[in-house]
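Asker: just to be clear, the model below is a prediction. Sequence and coordinates:
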Amino acid sequence: MSNEVIELENRFKLNQMDISERIRIIKLEDVNCYLVESKDGYILIDSGLPKNRKQVEEAILAAGCYPGDLKLIVVTHGDSDHVGNCKYLREKFQTKIAMHRDDIGMVEFGDFTYNRDLNIIIRGFGKLMAYVLKVNLRKEDRFTPDLFLVDGQSLSEYGYDADVFTIPGHSRGSIGILDKEGNLFCGDLLENIKKPIEAKMIADKKAYKKSIDRITELSIKKVFPGHGEPFFMEEF
């Protein structure tokens, strides 16, 4: 084994938590990505910001996932901090991108306000702040998904015994992935920076409440949020 590969593996081990042997956490400065080892290869859940591209790619390779091994990139919602590397990784690892149709404008047009229930003032202010803070998806990183996921869809054909659940509220096309072991990847429905709490940004409060009510009825053991540390559902 070359020194370069060993260095990548060691760097990756420092960046993951010992929660599940099949779930590798790619913990970035602003957001989390998750690399799940499936029966046939790997599934990547979210992809981080472009500024973290090298870190994400190195973590994937250090896990032993090479071009052809990454079966699917699943997008929990269309915000740039979750989709910023999707296009690059699709080409690099010869894979496909899957997400809910309702967030498509966010990744095709780079507009984080797309299809969100915001009034005209908040929408205008949001667009201005997105420009200033550079949180919209850059033109070179925009893409059209290969697959559109729907509520109740199984990911078993990609080797992962898990189902898709629609959990709108943060965005209209927000989804969660719940596997048969009770691990829920919730995107930005919940976060755990200091403690497990509800999302700070809620575009549709009514839809969000329904999503919260829905997950409380599911058999969830561990929650893997887009921001902060994984936690046990009973802690929420």
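Answerer: Great, that's in hand. Residues are numbered from 1 along each chain as shown.
Asker: how close does the most centrally placed residue in the chain sit to Gly187?
Answerer: Centroid-nearest residue in the chain, with Cα atoms, centre = their mean: Asp46, separated by 2.9 Å. The span separating Asp46 from Gly187 equals 7 Å under the rule Cβ to Cβ, to the nearest Å. All C-beta atoms are positioned from the backbone trio N, CA, C, and that covers glycine.
Asker: before we move on, what about Lys87?
Answerer: For Lys87, the distance to Gly187 (Cβ to Cβ) stands at 19 Å.
Asker: more neighbours, the two?
Answerer: Using other Cβ atoms under 10 Å, the more surrounded residue of Lys87 and Gly187 is Gly187, with 30 against 21.
Asker: run a quick neighbour tally on the nearest residue to the more buried one once chain neighbours are set aside.
Answerer: Among residues not flanking Gly187 along the chain, Thr76 sits closest, at 2.9 Å (Cβ to Cβ, 6 or more residues apart in numbering). Thr76 sits with 28 neighbouring residues when counted by other Cβ under 10 Å.
Asker: pull the contacting residues for Thr76.
Answerer: Contacts for Thr76 were tallied using Cβ atoms under 8 Å, 6 or more residues apart in numbering; they are 45-46, 82, 99, 174-177, 185-188, 226.
Asker: same check, this time on Ala199
Answerer: For Ala199, the set of contacting residues under the criterion of Cβ under 8 Å, 6+ apart consists of 169-170, 188-191, 208.
Asker: out of those residues, which one sits closest to Phe93?
Answerer: Proximity to Phe93 was ranked across these by Cβ to Cβ; first place goes to Asp188, at 24.4 Å.
Asker: on that earlier part again, quick check: the residue nearest to the centre of the chain touching Asn85?
Answerer: No: counting by Cβ atoms under 8 Å, Asp46 sits too far from Asn85 to count as a contact (9.0 Å).
Asker: buried sites along stretch 192-211?
Answerer: For stretch 192-211, the buried set under the neighbour-count rule, 16 or more other Cβ atoms under 10 Å, comprises 192, 196, 198-199, 202-204, 207-208, 211.
Asker: could you find the closest non-adjacent residue to Gly105?
Answerer: With Cβ to Cβ, 6+ apart as the criterion, Gly105 has its nearest non-adjacent residue at 3.4 Å, and that residue is Tyr114.
Asker: and the gap between the one you found and Asn136?
Answerer: Relative to Asn136, and taking Cβ to Cβ, Tyr114 is found at 10 Å.
Asker: and for Phe165?
Answerer: When Cβ to Cβ is the yardstick, Phe165 and Asn136 sit 27 Å from each other.
Asker: the closest residue to Val31 other than its chain neighbours: neighbouring residues, count only.
Answerer: Nearest in space to Val31, with sequence neighbours left out and distances taken as Cβ to Cβ, 6+ apart, is Asp81 at 4.5 Å. Other residues near Asp81 number 25, with proximity taken as other Cβ under 10 Å.
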